[in-house]
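Colleague: Got a sequence here, can you model it:
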Amino acid sequence: MKKVSIALASLMMGFSALSYADIQVTDTQNGAWVTVTDGGQPSANAVVSIVNQPQALNSFRTDDSGRVFIPLSLNHSRSVKYSAVTESGNEYSRFAFHGVQKD
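Modeller: Next up is the predicted model:
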């Protein structure tokens with residue numbers, strides 16, 4: 001019973017952390033929509049950049065709803081690391097997998 005309680009508590013903490021995710025990435029064919037939240041609220045004017053893509057040298061700013069579109073040109077599927085810095089100075093990062101569909 002004790003193991004079940006521990007497992008259940010761990011699971012609940014995991015779902016809690018997911019609901020307050022600091023960076024959410026939605027893959028599209030031409031890039032990704034990135035949403036940045038800080039303390040569960042949209043983070044306007046957060047600076048978002050891609051860390052592990054040499055061709056993505058620019059940084060982007062989120063709008064009032066904490067969203068920004070980042071164009072990507074990938075030749076093959078891969079994991080991309082996003083980094084965000086909010087106006088209050090909090091830093092977040094997240095890896096997201098992006099698939100490439102060949103016509």
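Colleague: what about the residue nearest to residue 42 when sequence neighbours are not counted, how many residues close to it?
Modeller: In space, and not counting its chain neighbours, residue 42 is closest to residue 66: 3.1 Å by C-beta to C-beta, 6 or more residues apart in numbering. Bear in mind the C-beta positions are built from the backbone N, C-alpha and C, glycine included. Here the number of neighbours of residue 66 (other C-beta atoms under 10 Å) works out to 22.
Colleague: any idea of the pLDDT on residue 66?
Modeller: Listed pLDDT for residue 66 reads 97.
Colleague: so how far is the first residue of stretch 59-70 from its last?
Modeller: 9 Å (C-alpha to C-alpha, to the nearest Å).
Colleague: Can you give me the buried ones in it?
Modeller: By neighbour count on 16 or more other C-beta atoms under 10 Å, the buried set for stretch 59-70 is 60, 62, 66, 67, 68, 70.
Colleague: Dump stretch 36-43 to CSV, restricted to CA.
Modeller: Provided in CSV are the C-alpha atoms of stretch 36-43 (Å, rounded to 0.1, in the frame of the first residue of the first chain):
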residue,chain,number,x,y,z
VAL,A,36,5.9,30.9,-22.8
THR,A,37,4.3,31.1,-19.4
ASP,A,38,5.7,32.3,-16.1
GLY,A,39,4.0,31.1,-13.0
GLY,A,40,1.1,29.8,-15.1
GLN,A,41,0.5,33.2,-16.8
PRO,A,42,1.4,34.2,-20.4
SER,A,43,4.7,35.9,-20.6
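Colleague: pull the helix or strand with minimum mean pLDDT from this structure.
Modeller: helix 2-19 (a mean of 48; mean pLDDT, DSSP states H and E).
Colleague: what's the following helix or strand after that one?
Modeller: strand 23-27 (DSSP states H and E).
Colleague: chain center to that following strand: distance?
Modeller: 5 Å (C-alpha atoms, centre = their mean, to the nearest Å).
Colleague: Could you list every helix and strand that the helix or strand just after that strand packs against?
Modeller: Downstream of strand 23-27, the next assigned helix or strand under DSSP H and E is strand 31-38. When contacts are defined as 3 or more C-beta pairs under 8 Å, 6 or more residues apart in numbering; DSSP states H and E, strand 31-38 packs onto strand 23-27, strand 67-71, strand 78-85, strand 91-98.
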